[in-house]
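>>> Structure for this input, please:
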Amino acid sequence: MHGREGITRRAGAAIRRFVDNGLSFGHVLTPREKQRPVATPEEEVEELNARSCLALALLATLFSLLEMLATYGDLPQEGTSPKISAPVAYTVVFAFNLPCSVYLSYVLASAKEHSRPRQAFLVLMLLTDTVLATLTLSSSQRGSGLFFEYALVLLLIYILPIYTPLQILVITATSAATCVVTLLVCRDPMPLQDAYDLAIFYIICGIAARQKWEMHSDNFSYRQKLRLDRERAIDASRTDGLTGLANRTAMREDAPGFLYHDLCVAMLDLDRFKSINDLYGHQAGDKSLRLTARTIQELFDQLNEHCYRYGGDEFLVVAIDTDGDVFRRKLSAMQEALRSRAGKREARSISIGYCTGCPRTMEELHACARIADRRMYDVKIGGGDGISHGAFVPDRPGLPDAGAAEARTGEGAQASA
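Here you go, the predicted structure:
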């Protein structure tokens with residue numbers, strides 16, 4: 001029973017890790033990376049327009065279907081222009097918008113990335129519906145004033161999507177031209193009052209569309225500013241102000257993603273740092289800390305390597321799925337780089353302890369950090385400027401020090417000058 005519970009617990013932890021990190025292939029995602037990628041203004045407008053076009057297509061499909069049922073039925077048809085019959089007009093509108101509704105519904109419901117329909121398709125659909133809307137003029141009675149069906153469809157075309165000023169002009173020009181041609185071919189001459197009312201209708205729709213564009217632009221700019229402010233606040237809360245490394249807050253947030261990975265955890269502590277502060281002042285100490293942080297970042301700059309300022313003159317490095325020998329060589333290279341760069345008033349040596357293992361719980365991860373910390377103090381006791389290694393044994397989580405002692409390779413606290 002205990003073994004079955006252990007398997008269930010490990011499976012649950014693996015699922016949680018998969019949900020938290022996604023297919024990261026060893027790279028622990030930060031909270032900022034876990035956020036959904038921010039859409040550009042063009043992508044956002046494209047997605048909004050896709051949803052607007054879907055609503056338009058569904059409404060046009062329903063509207064044309066109802067009109068088809070009415071015109072094919074026994075309702076009176078007197079006064080309808082014989083050039084283009086009403087049933088044919090509504091059938092064409094229905095036949096065009098029904099496939100568009102199905103296609104847009106499928107694309108928007110798809111979970112695949114980059115599944116938004118292209119802007120060119122949306123513009124073509126809107127222009128086509130603008131042209132087809134004029135066919136409804138053939139179903140209005142002779143001598144009627146405003147054409148309800150035409151005005152309704154055109155209003156939806158103008159109001160639902162978001163247009164740039166140029167697109168507003170194109171839609172208006174296309175609609176006006178097709179309207180004039182249809183009226184000249186299919187109907188009696190339009191009264192002057194109707195022409196005036198139609199022109200006013202176009203102007204009102206154009207103004208409303210332009211206002212919607214400006215409101216969207218202002219809204220997007222405001223949300224963009226809020227997002228950037230939020231990202232800056234998150235970065236500030238996760239970053240050490242002096243060294244630029246990630247701080248303990250970032251370490252706590254990243255820690256769950258380290259579980260169930262083969263880790264190399266290193267604790268680094270500057271040698272004789274207090275004497276530098278005492279002799280040369282805190283400015284010299286701060287300069288030494290910045291130099292050390294910069295050196296660590298340059299050596300451990302891969303996606304699977306994470307560097308933190310642990311506190312004071314201590315630093316923490318966590319490498320995921322990295323070979324232990326490679327990690328040790330990097331630590332040695334970092335020591336050499338610091339030794340060659342440091343001036344008289346900066347720390348020239350650093351004591352390092354590191355632990356290798358595959359922690360499965362937060363307690364085991366803390367045990368890895370403790371092992372690395374104690375190996376680092378072994379180096380300190382031995383005179384500093386060295387590297388000591390200990391291994392965490394998962395089968396003995398209650399005795400991390402004993403497991404580490406058994407796995408020590410005899411390196412001890414030897415200097416690596």
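>>> low-confidence ranges in the stretch 251-400 of the chain?
395-400 (pLDDT under 70).
>>> residue boundaries of the helices in it?
With DSSP state H, counting those that start in this stretch, the ranges of helices along the stretch 251-400 of the chain come out as 273-280, 282-299, 324-341, 362-381, 400-407.
>>> most packed of these?
helix 362-381 (a mean of 20; mean count of other C-beta atoms under 10 Å). All C-beta spots, glycine's among them, are computed from the backbone N, C-alpha and C.
>>> So what touches it?
Helix 362-381 is contacted from outside by 255-256, 258-259, 263, 265-269, 271, 316, 351-355, 357, 359, 385-392, 394, 397, 400-401, 404, 412-413, using C-beta atoms under 8 Å, 6 or more residues apart in numbering.
>>> Got a quick PyMOL command for the buried subset of those?
To isolate the buried members of those in PyMOL, using 16 or more other C-beta atoms under 10 Å:
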select buried, resi 255+258+259+263+265+266+267+268+269+271+316+351+352+353+354+355+357+359+385+386+387+388+389+390+391+392+400+404+413
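>>> So which of the contacts of helix 362-381 are in strands?
263, 265-269, 316, 351-355, 357, 387-391 (DSSP state E).
>>> If you count contacts, what does the helix or strand hosting Cys205 end up packed against?
Assigned by DSSP states H and E, Cys205 belongs to helix 192-238. Helix 192-238 sits against helix 31-34, helix 41-72, helix 148-159, helix 165-186, helix 248-254, with contacts defined as 3 or more C-beta pairs under 8 Å, 6 or more residues apart in numbering; DSSP states H and E.
>>> and Arg345, which of these is closest to it?
helix 248-254 (27.5 Å; C-beta to C-beta).
>>> Let me see the contact set for Phe94.
By C-beta under 8 Å, 6+ apart, the neighbours of Phe94 are 61, 64-65, 68.
>>> Could you pull up the contacting residues of Leu58?
Counted by C-beta under 8 Å, 6+ apart, Leu58 has contacts 97, 101.
>>> ditto for Asn97
Per C-beta under 8 Å, 6+ apart, neighbours of Asn97: 56-58, 60-61, 64, 129.
>>> redo that, cut-off 7 Å
Listed by C-beta atoms under 7 Å, 6 or more residues apart in numbering, the contact set of Asn97 reads 57, 60-61, 64.
>>> wait, which of those residues is closest to Lys287?
Ala57 (65.2 Å).
>>> Next up, the contacts around the closest one.
So Ala57 contacts 97, 100-101, 104 (C-beta under 7 Å, 6+ apart).
>>> From these, which one has the minimum pLDDT?
Here the lowest pLDDT out of the contacts of Ala57 sits on Leu104, with 87.
>>> Tell me how many other residues surround it.
Look at Leu104: counted by other C-beta atoms under 10 Å, it has 24 neighbours.
>>> How about Val181?
For Val181, using other C-beta under 10 Å, the count is 12.
>>> what's the nearest residue to it if we skip its chain neighbours?
Thr134 (7.7 Å; C-beta to C-beta, 6 or more residues apart in numbering).
>>> what's Leu132 in contact with, if anything?
Contacts of Leu132 (C-beta under 7 Å, 6+ apart): 92-93, 96.
>>> give me that answer again for 6 Å
Residues in contact with Leu132 (C-beta atoms under 6 Å, 6 or more residues apart in numbering) are Val93.
>>> Tell me if it really is in a strand.
No: under DSSP: H, G, I helix; E, B strand; the rest coil, Leu132 sits outside any strand and is assigned helix.
>>> got a pLDDT number for it?
pLDDT, read off for Leu132, is 83.
>>> export stretch 260-273 as PDB, just CAs?
Coordinates of the C-alpha atoms in stretch 260-273 are reproduced here as PDB (Å, rounded to 0.1, in the frame of the first residue of the first chain):
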ATOM      1  CA  TYR A 260      12.400  15.900 -10.300                       C
ATOM      2  CA  HIS A 261      15.400  17.200 -12.200                       C
ATOM      3  CA  ASP A 262      19.000  16.200 -11.800                       C
ATOM      4  CA  LEU A 263      20.400  19.400 -10.100                       C
ATOM      5  CA  CYS A 264      23.800  20.900  -9.400                       C
ATOM      6  CA  VAL A 265      23.300  23.300  -6.500                       C
ATOM      7  CA  ALA A 266      26.300  25.500  -5.600                       C
ATOM      8  CA  MET A 267      26.700  27.900  -2.600                       C
ATOM      9  CA  LEU A 268      29.400  30.500  -3.100                       C
ATOM     10  CA  ASP A 269      30.800  32.800  -0.400                       C
ATOM     11  CA  LEU A 270      33.500  35.500  -0.900                       C
ATOM     12  CA  ASP A 271      36.600  35.000   1.300                       C
ATOM     13  CA  ARG A 272      37.600  37.700   3.700                       C
ATOM     14  CA  PHE A 273      34.800  40.000   2.500                       C
END
